[in-house]
Structure formats: structure tokens, C-alpha cells
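[1] The sequence and its predicted three-dimensional model are supplied below.
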Amino acid sequence: MTVIAGCSNLTATSLAFPITVAAGSSQIPTATGSVTATCSSGVTALLGFNAGANVSGTVTVPVLKGPGTTGSQTIAYGIYSDSAFGTPFPAVTAPTTTPAGGTTITGGAAFPVTVYGQIGATTAGATVSPTIAAGAYTDTLTATIYF
């Protein structure tokens with residue numbers, strides 16, 4: 001019998017930003033979620049994320065897409081591996097691209113990785129624009145484990 005190295009049982013919790021943020025507010029909303037994977041004993045894996053379902057064209061920053069018939073209302077955000085928002089998760093740009101950096105998952109048991117999110121993280125002194133439409137804003141990220 002041959003045991004093949006791998007990771008399984010990938011689960012995630014939502015990165016849920018505060019339910020309400022006033023337009024024009026200088027408050028920078030943050031959120032915490034997690035990704036958990038179980039990898040074979042002895043496997044060291046790397047976790048990375050894509051730029052989200054709402055990214056298009058040359059934009060590589062995740063955006064929450066909001067209401068409207070065209071969905072043109074967006075809010076940029078970042079995802080980080082530390083609570084100080086200093087270490088962004090690496091972007092996974094194609095299914096075969098292994099990201100540089102990232103968070104290492106050590107095999108042998110379920111291994112949770114905390115994910116930190118911050119609205120407006122790509123713009124210094126960001127605020128939620130006073131012209132942004134009221135409503136729900138969402139995005140879907142894909143986590144990829146490389147080993």
C-alpha cells in the first residue's frame with residue numbers, strides 16, 4: 001500500500017464585515033474568519049487566495065460588489081494573515097501558480113488558519129465613499145492549498 005501525501009477536509013468560516021457602516025465614515029471595518037485543512041503527516045502546505053469572484057480586467061484587489069442592476073458599486077478590501085493587517089495573503093493568479101509567502105499548514109492534524117480582513121485596505125486613509133449606494137456588498141474568495 002502507498003499513502004499519497006495530500007490535504008483534505010478543507011473548511012472555512014465567513015469573513016463577515018460589520019453589518020452597518022455609515023457612508024463617509026472614517027471607521028475602517030475589519031473582520032475575522034478562518035480556513036481549516038487536514039494534511040498528511042509530514043506534509044508542509046501553503047495557503048493562498050484568489051482575488052475574489054468580483055475581480056475583473058487588470059484589477060487584482062478583492063472587491064465587495066454591491067447593489068444595482070450593473071453591480072458597479074464596489075468596495076475594496078484586503079485579506080491578511082496577521083491581526084495588525086501587515087502581511088497580506090499572497091494572490092493566486094492561476095490554478096497552477098504557487099504563491100510566494102502565505103501561511104504554512106503543517107500536516108498531521110486539523111490545522112486552522114485565521115484570516116483577517118480590512119475594508120479599504122488598499123487606500124491610505126480610506127473611507128467608505130459618501131456616494132456609495134446603500135445595500136449589501138458581497139464577494140467569494142477561493143482558498144488554495146499547495147503542497
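    Alright, I've got the coordinates.
[2] Please identify the buried residues of the helix or strand containing residue 10?
    Element membership for residue 10, per DSSP states H and E: strand 7-12. For strand 7-12, the neighbour count (16 or more other C-beta atoms under 10 Å) marks residue 7 as buried. All C-beta spots, glycine's among them, are computed from the backbone N, C-alpha and C.
[3] can you pull the buried residues of the helix or strand following it?
    Using DSSP H and E, the next helix or strand after strand 7-12 towards the C-terminus is strand 30-39. Neighbour counts over strand 30-39 (16+ other C-beta under 10 Å) mark 30-31, 33, 35, 37-39 as buried.
[4] For this structure, which helix or strand comes out least confident on mean pLDDT?
    Ranked by mean pLDDT, DSSP states H and E, the helix or strand of the chain with the weakest confidence is strand 103-106, at a mean of 70.
[5] now the most centrally placed residue in the chain, which residues is it bridged with?
    Nearest to the geometric centre of the chain sits residue 79, at 4.4 Å (C-alpha atoms, centre = their mean). On the basis of DSSP bridges, residue 79 is bridged to residue 117.
[6] I'd guessed residue 135 sits against residue 66; true?
    Yes. Using C-beta atoms under 8 Å, residue 135 is in contact with residue 66, at 5.3 Å.
[7] which residues are in contact with both of the two?
    Jointly contacting residue 135 and residue 66 under the rule C-beta atoms under 8 Å, 6 or more residues apart in numbering are residue 73.
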